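> next one to model:
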Amino acid sequence: MSDYSRSDYFDRARMVAVAMLIVAAGIAIAGSFLDWVTISARPSIDPEADFGGEEIEEPVIRAPYSGVDASDGWYVIVGSAVLAGAAVALAIAKRRSFAWLAFIAAMFVGAIGFAAYRSVGSLDSSISRRMEIVGDPDPGLGITLVAIGGVVALIGAVLAVVATPSRRAEPSTS
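Residues are numbered from 1 along each chain as shown. The predicted structure follows:
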């Protein structure tokens, strides 16, 4: 009989959770380096327009921004590294504290991803001001991956907490 069939149900569920956490951390880190904001249209100035004698310069249109350009991506990278570290520690030590650490890191990564995703379309948001967005911004692939990574990490962390029972003293048989 193989070791897999003799292993505990909780051990198998914990390994699935660890795999989900590591994949989610990788997805979120990759998303931090990809485009978070793409600009589909830019404002144009009519060359024939009269602005009262003032010269109006064409606005500087910046390239799409990645998460690390927005600085929120660095927080996602740190949170994802903590998430992956907690997953590896959970696989080795099988301690519930690492499952809870993964849960907190998953909430952190997911919160940043969803907050940034939601605020990209608003020109009044802090992320739009920091990126100096000019034009019609749309969420990019990177921020979508970070949000997906946050959801997968949260599901994996909940599974890890459930699959890692607290260690209690064994009842004595005397």
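> from now on I want contacts and neighbour counts done on CA atoms only, so please keep to that.
Noted.
> so what's Ile112 up against?
Shown in contact with Ile112 (C-alpha atoms under 8 Å, 6 or more residues apart in numbering): 72, 76.
> quick check on the spatially closest residue to Ser66 that is not a sequence neighbour: phi, psi?
Closest residue to Ser66 apart from its sequence neighbours, by C-alpha to C-alpha, 6 or more residues apart in numbering: Asp35 at 4.1 Å. Recorded main-chain torsions at Asp35 are phi -70, psi 130, according to degrees, to the nearest 10.
> wait, what's in contact with Asp35?
64-67, 140-143.
> most widely separated two among those?
Pro64 and Ile143 (11.9 Å; C-alpha to C-alpha).
> okay, and the common contacts of those two?
Listed as contacting both Pro64 and Ile143 by C-alpha under 8 Å, 6+ apart are 35-37.
> which one's more surrounded, Pro64 and Ile143?
Ile143 (30 against 19; other C-alpha atoms under 10 Å).
> state the distance from the more buried one to Ala105.
With distances taken as C-alpha to C-alpha, to the nearest Å, Ile143 is found 17 Å from Ala105.
> okay, now the unreliable bits of the protein?
Low-confidence segments of the chain (pLDDT under 70): 1-7, 39-64, 121-136, 168-174.
> which residue ranges form the strands in it?
Taking DSSP state E, the strands of the chain run over residues 35-39, 65-66, 137-139.
> so which elements touch the last one?
So that's strand 137-139. strand 35-39 (3 or more C-alpha pairs under 8 Å, 6 or more residues apart in numbering; DSSP states H and E).
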